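>>> Sharing a sequence plus its predicted fold:
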Amino acid sequence: MLLHKHAVCRRRQLAVSLREERLIQVVSTIITLPTDKLKRAIGIREQIDALSHELQQLLRGIPGSMAGGPSQPRKHNLSAEGRARIVQAQRQRWAKFNASRGTRPGPITRHNLSAEGRARVSAAVKARWARYRAEKALAGL
């Protein structure tokens, strides 16, 4: 797979380099052309463009002709009413979905200790540490 990716990348590089070489050849040919031949080439190009435009005008409206070039994708405009209908339908779908799931539990609440509970926990921790220190002191003697 990795080799394939590298091969594709290499082919693209070759295609770009070939296009660059062709462009260099065209530019060097244009530079070396005498001015009279260059003017003649420009005139021919203008004639080709004018005839191409005229042909497109003639073929416009004929089905199947490529007069307009490749067809542009059609832009779909949506009215505000159409959009509102879509939104309403989607809201109804979500309402139906949520209704089928039933009620959800409320947010998770934190369990707070009462003052008495905190005092008991604190006393237990203090007693544990006192035992630990006492055992440590006895082990050290």
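On my side now, so go ahead. Numbering: from 1, shown residues only.

>>> how close does residue 41 get to residue 57?
According to Cβ to Cβ, to the nearest Å, residue 41 and residue 57 sit 25 Å apart. Backbone N, C-alpha and C define where each C-beta goes, glycine included.

>>> I misspoke; the intended subject was residue 81.
From residue 81 to residue 57 the distance is 39 Å (Cβ to Cβ).

>>> in this structure, which spans are helices?
For the chain, applying DSSP state H gives helices covering 2-32, 35-59, 80-101, 115-140.

>>> any idea how far residue 92 lies from residue 46?
Residue 92 is 62 Å from residue 46, by Cβ to Cβ.

>>> ok, now which ones touch residue 120?
Contacts for residue 120 (Cβ atoms under 8 Å, 6 or more residues apart in numbering) come out as none.

>>> how much space between it and residue 130?
16 Å.

>>> mind showing which ranges of the chain have poor pLDDT?
1-10, 14, 63-72, 141 (pLDDT under 70).

>>> rerun at 90
Filtered on pLDDT under 90, the chain yields the residue ranges 1-42, 53-78, 98-113, 138-141.

>>> No more questions from me, cheers.
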